[in-house]
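1. sharing a sequence plus its predicted fold:
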Amino acid sequence: MKKKVVMAMSGGVDSSVAAYLLIEQGYEVIGITMSVWQSETAEEIAARSGCCGMTAVEDARYVCSQLNIPHYVLNFRDIFRQKVIDGFVSEYLAGRTPNPCIACNRYVKWEYLFAKAKVLGADFVATGHYATIAQHPDTKRLTIQASESAKDQSYALYNLSQEALAKTLFPIADMPKDDVRKIAYDKIGLRVAHKPDSQEICFVPYRNHASFLEEYLGQPLPMGSFVDESGKILGQHSGIGRYTIGQRKGLGGFGVPMFVKAINAQSCEVVLTSDENALFFDEMTICDLNFMSHKNIDDGMEVFGKIRYAHKAAPCTISLQDKQIIAKFKQPQRAITPGQSAVFYDAQNRIVCGGIIQ
């Protein structure tokens, strides 16, 4: 009897080819597209990018028709608002910079989608992520291993549970993107073969997160002061939700280049510095931990730490103190940002653990 797989279909080339490969491997595949739109207005839905726009549903439906598999659009709006959007908004108001895709992966694409998959009698859930699931030879725990593909997405998957990993498939894992597009075009004949990758937060139109925050809140972002490191007022800003650590552009004219060093939500102050070296730190504290290859860590464990999606993992040591990780880098890192995730890898590019930067 064929194993049944629920395939998360975004309408993009990655999930489309992943579904095709599963069929080739003998699985019974069901395509699911997750509706997370917060508005019923056609114009606003069309403005959403990536996996949330109307085009995504149309493309996913077309692909499933080409592959001759069933396709369903399921309502995930409430869980998406609760677990992703509300957290995104509250983090910015707290002076932090969140990564909503990580929350979406954990709570929507896996936990909630798994619940739907069980109703459909599925054995696995699959996605078009570039990552590999591996078992650590010593601990025997499942973990995510960074893909050899240049599109590696392991960083955004660090908080999946052991249960989720045991029932997840990543069909395109280590494939080069060009090979994925070639399969889509040559073997399947899909019109989405050359569809560009989404580079935006799916629920934020036109890459303008500040406007989204104000629209969602129904009021302007709280304004306050730009201050220097001594507390001297330099000018007024238009809302802390518009800024992140290390930012240079969009601060206004000060005669010299300025950078955001810190954000104080209580006083609504954005601390600026003209010294870019002041943005470098060699230590950080991590909370909201998820352990993958290891259930626990030894003090001073040597790993490679990644502090944002595009960051090159850097050598560091980690220790566990009061349910938090203290990470010490061998070389200072630029713009360690509260609210972003820190993910720690071993020498074989397997995820040890990760959490939220404090």
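-> Great, that's in hand.
2. so which elements touch the top helix by length along the chain?
-> In the chain, with assignment by DSSP state H, the single longest helix is helix 54-67. Under the contact criterion of 3 or more CB pairs under 8 Å, 6 or more residues apart in numbering; DSSP states H and E, helix 54-67 touches helix 13-24, strand 28-35, helix 42-47, strand 71-75. Any C-beta I mention is one placed from the backbone N, CA and C, and that applies to glycine too.
3. try 6 Å this time
-> On a contact count with 3 or more CB pairs under 6 Å, 6 or more residues apart in numbering; DSSP states H and E, helix 54-67 meets strand 28-35, strand 71-75.
4. out of these, which gets nearest to residue 141?
-> Checking the helices and strands packed on helix 54-67 against residue 141 by CB to CB gives strand 28-35 as the closest, at 27.9 Å.
5. list the strands paired with the closest one, with their directions.
-> strand 4-8 (parallel), strand 71-75 (parallel) (DSSP bridges).
6. as TSV, the ones you listed with mean neighbour count would be great.
-> Listed next are these as TSV, based on neighbours: other CB atoms under 10 Å:
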stretch	mean neighbour count
strand 4-8	25
strand 71-75	15
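7. the helices in the chain, which residues?
-> Counting by DSSP H, the helices of the chain are 13-24, 42-47, 54-67, 77-80, 86-93, 100-103, 113-119, 162-166, 177-182, 209-217.
8. where do the strands sit along the stretch 151-300 of the chain?
-> Ranges of strands in the stretch 151-300 of the chain, per DSSP state E, counting those that start in this stretch, are 168-169, 224-227, 233-237, 259-264, 269-273, 280-291.
9. in a markdown table, list those along with mean neighbour count and mean pLDDT.
-> Converted to a markdown table, these look like this (neighbours: other CB atoms under 10 Å; pLDDT from 0 to 100):
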| stretch | mean neighbour count | mean pLDDT |
| --- | --- | --- |
| strand 168-169 | 21 | 97 |
| strand 224-227 | 19 | 97 |
| strand 233-237 | 15 | 96 |
| strand 259-264 | 20 | 97 |
| strand 269-273 | 21 | 97 |
| strand 280-291 | 16 | 97 |
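10. tally of neighbours for residue 184?
-> By other CB atoms under 10 Å, 23 other residues sit near residue 184.
11. report how many residues lie close to the spatially closest residue to it that is not a sequence neighbour.
-> Excluding the flanking residues, the one nearest residue 184 by CB to CB, 6 or more residues apart in numbering is residue 193, at 3.8 Å. Burial measure for residue 193: 18 neighbouring residues, criterion other CB under 10 Å.
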